[in-house]
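>>> just coords:
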């Protein structure tokens with residue numbers, strides 16, 4: 001594999017380590033690196049997305065992004081770290097260029113990452129990056145700076161910024177180039193020009209970075225649809241198309257903390273520890289004694305993942321379906337697919353439970369009950385379902401706000417927190433994670449209750 005050489009020779013603090021991704025490097029990339037590098041960067045971008053959706057403050061986001069980058073993108077060799085950075089960015093351009101929604105998400109997350117990394121560059125390197133963008137702005141001279149110093153100080157005080165000193169570096173740019181600073185009133189404007197401090201240059205550079213990347217994604221999409229998708233249909237295309245909906249956590253193919261659940265306890269467990277998507281399917285199955293294929297797959301693999309053994313699964317589904325279609329028809333038409341999900345028929349594949357991302361991206365039709373309630377329910381039905389789960393009015397309002405902004409997994413996370421009375425910092429990314437975390441909490445509460453009861457008995 002060819003290497004992109006480090007851009008930072010020893011002793012040169014004015015050379016940035018942050019690439020601008022102006023053009024794709026001419027590299028031969030191993031297919032495994034093509035996918036693995038992209039997945040690692042995707043972990044960073046999705047972590048940023050989760051942090052922003054949860055409303056984390058600036059300092060919290062800075063720490064989060066720093067930790068995510070260290071955990072996923074570092075490499076002992078500087079040249080290899082830069083290789084990974086550049087390759088992963090351009091791979092994800094292919095992944096996220098294909099629809100407006102994908103482009104919008106990628107653009108926002110990459111810009112947030114760029115802001116963080118630009119802020120951590122030394123001033124000399126920041127000026128070098130500005131030059132690479134062609135932002136050859138001259139510093140405001142001392143006499144002009146002195147004439148507007150009172151106005152600059154007034155803006156700084158009103159927005160809780162540091163008061164500028166006489167030796168501070170300021171640039172004068174047209175106000176259209178810093179819309180974010182203008183919108184938040186964090187900059188002094190005179191005669192159509194904005195005076196921006198060196199510490200605010202990130203907004204100027206990020207605007208240009210976002211504009212460049214936005215145009216590049218459109219061009220990448222044209223090349224993808226006209227050439228790459230067909231040329232690479234047997235090699236890269238399947239990888240690219242899968243990455244945008246890939247789930248990056250554990251697959252929950254085997255239950256971990258809880259070895260199995262019994263049919264005797266399944267109704268109580270469903271009420272206490274199933275996420276809404278599975279609870280709805282479970283209740284509909286009990287009510288109608290039937291589910292269409294999408295519902296059977298979603299609920300069946302979830303139950304497998306939480307520890308329902310094959311024999312119990314066959315007994316569970318047969319007990320319900322027999323009331324609608326009869327035992328003989330169940331054995332002929334439905335039992336095979338259940339055994340197939342458990343790897344006992346066909347190719348003997350050990351199928352894994354569906355992740356939140358897979359469920360959210362599904363498209364249930366008329367009469368279907370699978371999918372994500374936070375995305376697919378009407379507002380009225382979702383509100384009723386949340387109330388039945390015991391979500392109070394204040395938490396319900398927060399959940400619905402997230403739903404309206406299309407933060408479906410965060411809405412599920414807030415539901416989990418409201419139902420269990422505890423925070424879930426990691427967020428909900430998988431129905432089986434919801435179940436597992438819920439059972440840990442329920443088990444802890446039951447142990448505490450048992451201990452308190454024992455103490456009462458001993459003291460009486």
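Everything's here; your move. The model shown is predicted, which means the values in this text are computed figures rather than measured ones. Numbering: from 1, shown residues only.
>>> Going by C-alpha atoms from here, please, whenever you check contacts or count neighbours.
Fine.
>>> Run through the helices of the stretch 101-250 of the chain in chain order.
In the stretch 101-250 of the chain, the helices defined using DSSP state H, counting those that start in this stretch lie at 123-132, 142-158, 179-183, 201-223, 229-231, 236-243.
>>> Okay, buried residues for the particular helix or strand that has residue 387 in it please.
Using DSSP states H and E, residue 387 sits within helix 379-388. Using 16 or more other CA atoms under 10 Å as the test for burial, helix 379-388 gives 382-383, 385-386.
>>> Quick one: those residues as a markdown table, columns for distance to residue 115 and pLDDT too.
Below are those laid out as a markdown table (distance: CA to CA, whole Å; pLDDT from 0 to 100):
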| residue | distance to residue 115 | pLDDT |
| --- | --- | --- |
| 382 | 37 | 97 |
| 383 | 38 | 96 |
| 385 | 40 | 96 |
| 386 | 38 | 97 |
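>>> Going along the chain from the helix holding residue 387, find the next helix or strand for me.
Under the assignment DSSP H and E, the closest C-terminal helix or strand after helix 379-388 is helix 393-404.
>>> contact partners of that following helix?
With CA atoms under 8 Å, 6 or more residues apart in numbering as the test, helix 393-404 has contacts from 374-375, 379, 383, 386-387, 408, 410-412, 414-415, 418.
>>> For the chain, which residues score under the pLDDT cut-off?
The chain contains residues with pLDDT under 70 at 1-16, 248, 251, 254-259, 448-460.
>>> if you set the cut-off to 80 instead, what comes out?
Along the chain, the model assigns pLDDT under 80 to residues 1-17, 25, 27, 76, 78-79, 136-138, 166, 244-260, 350, 446-460.
>>> Within the helices and strands, which one has residue 315?
Per DSSP H and E: residue 315 is located in helix 310-325.
>>> Just the buried positions in stretch 91-102, please.
Across stretch 91-102, burial judged by 16+ other CA under 10 Å covers 91-98.
>>> Would you format those residues as a markdown table with secondary structure and distance to residue 137 included?
Listed next are the buried residues of stretch 91-102 as a markdown table, based on DSSP: H, G, I helix; E, B strand; the rest coil; distance: CA to CA, whole Å:
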| residue | secondary structure | distance to residue 137 |
| --- | --- | --- |
| 91 | helix | 33 |
| 92 | helix | 32 |
| 93 | helix | 30 |
| 94 | helix | 33 |
| 95 | helix | 35 |
| 96 | helix | 33 |
| 97 | coil | 32 |
| 98 | coil | 36 |
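>>> Make CSV out of those residues and add distance to residue 233.
Listed next are those as CSV, based on distance: CA to CA, whole Å:
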residue, distance to residue 233
91, 16
92, 17
93, 17
94, 14
95, 14
96, 17
97, 17
98, 15
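>>> Show me which of these is closest to residue 364.
The closest of the buried residues of stretch 91-102 to residue 364 turns out to be residue 98 (CA to CA; 22.8 Å).
>>> Leaving out sequence neighbours, find the closest residue to that closest one.
residue 221 (5.6 Å; CA to CA, 6 or more residues apart in numbering).
>>> and the gap between the one you found and residue 214?
11 Å (CA to CA, to the nearest Å).
>>> more neighbours, those two?
Each of residue 221 and residue 214 has its neighbours counted (other CA atoms under 10 Å); residue 221 has more, 21 against 18.
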